[in-house]
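A.B. asks: Test case, fold it:
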Amino acid sequence: MIALTWIGDARDLPRLAESMSLSLPYALHHAYGDAALPWLRKAARETDKPALRLACAKELAIAGERDGFLYLLQAMDEEFIQE
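C.D. replies: Residues are numbered from 1 along each chain as shown. Purely as a prediction, here's the structure:
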């Protein structure tokens, strides 16, 4: 899936985002820029995987998105609770 992001065809973005895996948030943001942000927000909001939420949050925060910082705080809380 990461190799598809190298092509950068915008038609692939929805399909890739729906199959979000831990390795995709950076690749999606790098390849599609701001067009990937809504998909990253959706994945961070809907996932039950803290590592995926963290990866999405990191990309959102890099883009200066408020939600990214909120999800980073949430991920830190989840990590703290697990310890």
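A.B. asks: Quick check: the gap between Ala63 and Asp34.
C.D. replies: Between Ala63 and Asp34 the computed distance is 7 Å (Cβ to Cβ, to the nearest Å). From N, CA and C alone the C-beta is placed, and that goes for glycine too.
A.B. asks: More neighbours: which of those two?
C.D. replies: Ala63 (15 against 9; other Cβ atoms under 10 Å).
A.B. asks: what residues are up against the closest residue to the more buried one other than its chain neighbours?
C.D. replies: Nearest residue to Ala63 in three dimensions, chain neighbours excluded: Leu37, at 5.9 Å (Cβ to Cβ, 6 or more residues apart in numbering). For Leu37, the contacting residues are His29, Leu60, Ala63, Glu65, by Cβ atoms under 8 Å, 6 or more residues apart in numbering.
A.B. asks: In terms of pLDDT, where does the closest residue to the last one other than its chain neighbours sit?
C.D. replies: So the one you mean is Glu65. Distance criterion Cβ to Cβ, 6+ apart; nearest residue to Glu65, sequence neighbours excluded, is Leu37 at 6.2 Å. In this prediction, Leu37 carries a pLDDT score of 97.
A.B. asks: does Arg11 count as helix, strand or coil?
C.D. replies: What DSSP: H, G, I helix; E, B strand; the rest coil gives for Arg11 is helix.
A.B. asks: What count of nearby residues applies to it?
C.D. replies: 7.
A.B. asks: before we move on, what about Tyr71?
C.D. replies: For Tyr71, using other Cβ under 10 Å, the count is 25.
A.B. asks: ok so, going back, format the contacts of Leu37 as TSV; extra columns: pLDDT.
C.D. replies: Output for these, formatted as TSV (pLDDT from 0 to 100):
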residue	pLDDT
His29	97
Leu60	97
Ala63	97
Glu65	96
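A.B. asks: For PyMOL, write the selection for the buried entries among these.
C.D. replies: Typed into PyMOL, the line below selects the buried ones among those, using 16 or more other Cβ atoms under 10 Å:
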select buried, resi 29+60+65
